[in-house]
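Chemist: sequence and predicted structure below; questions after.
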Amino acid sequence: MSDEQKPYFDEKPPENQQPQTPPQAEIKVSLPAKKPLVTNAILGITIVIFVIQLLTQRFMGIDLPFVYLGKINQFILQGQLWRFFTPMFVHGDILHIAFNMYALYIFGRNLEYQYGHFRFFMLYVVSAFAGNVVSFVLTPNPSLGASTAIFGLLAAQAVFIFRNKRFFGKRGQSILMNTVLILVVNLVLGLSPQIDNWGHLGGLLGGAVFAWAAGPLWKINPQLGGFKVEDQQPASNTIVASIIVIVAFATLALVRWI
């Protein structure tokens, strides 16, 4: 029939009219932290302590913070157990602290957004503890620096991307490979006699264990108008993972007392 109406989808839209696209579902990511407060606090405290190091060396002829906070095995064996934690606050020179604080600034902020303040703080602390314990057991040399904790952050970043890779696609694979490359390069550089690579390896292992047990595990939940990405990791796992890492590495430290 000559006057038969054809379906609309067979007709071409007017030249000045753009074809309509269906509304896209909105995907929201719920991050537990809005500002990197812990990262900034650690940066500030570490820098202040380094300034005190410089001042005491200049006016007293001794690096007082290192004397009381550094990893010195003979003092740990005498019962000064805080030295498993505090070496992360003292550094050897300006390049040492600059490199570590830059790494903390770059990786710490993103991880704190993903982890939240308390979980990120515990990740940093237990990574430093694990690194200093391994250094204590495997090398008699004194050591200092935040690199034990930084290696834990790098490990946590790799674990986070690996466990949530479906949310990042090809970009996630690139981030993961870059993180692994940074770890490998720094471990190779750590073969220098002046660098405590055992501390790096310990921090790497401690951070990886903590991240696997308590790190963010994203899940998509439907909601009105789209989807919301939420962390399904129980909050209690932060405490559990911290206890696991501390107890495991504290047991390792007992080797030096046997």
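Modeler: All right, it came through fine. These numbers were taken from a predicted model, which means no experiment stands behind them.

Chemist: what sits against the residue positioned nearest the centre of the chain?
Modeler: Nearest residue to the geometric centre of the chain (CA atoms, centre = their mean): Leu153, 2.4 Å. Contacts of Leu153 were listed using CB atoms under 8 Å, 6 or more residues apart in numbering, and they are 103-104, 107-108, 111, 123-124, 127, 207. All C-beta atoms are positioned from the backbone trio N, CA, C, and that covers glycine.

Chemist: for Leu176, which non-adjacent residue is closest in space?
Modeler: Nearest non-adjacent residue to Leu176, counting by CB to CB, 6 or more residues apart in numbering: Ile161, 4.6 Å away.

Chemist: for the helix or strand encompassing the one you found, the distance to its chain's centre please.
Modeler: Assigned by DSSP states H and E, Ile161 belongs to helix 147-163. In terms of CA atoms, centre = their mean, to the nearest Å, the centre of helix 147-163 is found 5 Å from the chain centre.

Chemist: give me the next element, helix or strand, following it.
Modeler: Criterion used, DSSP H and E; the element after helix 147-163 is helix 169-189.

Chemist: tell me the angle that next one makes with helix 147-163.
Modeler: Interaxial angle, helix 169-189 versus helix 147-163 (axes from the mean of the first three to the mean of the last three CA atoms, to 10 degrees): 150 degrees.

Chemist: picking up where we left off before, what's the average pLDDT for the helix holding Ile161?
Modeler: Helix 147-163 shows a mean pLDDT of 95 in the predicted model.

Chemist: still on that earlier bit, which pair in the contacts of Leu153 spans the largest distance?
Modeler: Within the contacts of Leu153, two members stand farthest from each other by CB to CB: Ala103 and Leu123, at 14.2 Å.

Chemist: these two: which has the busier surroundings?
Modeler: Leu123 (30 against 19; other CB atoms under 10 Å).

Chemist: what about the more buried one, distance to Thr39?
Modeler: Distance, Leu123 to Thr39, by CB to CB, to the nearest Å: 11 Å.
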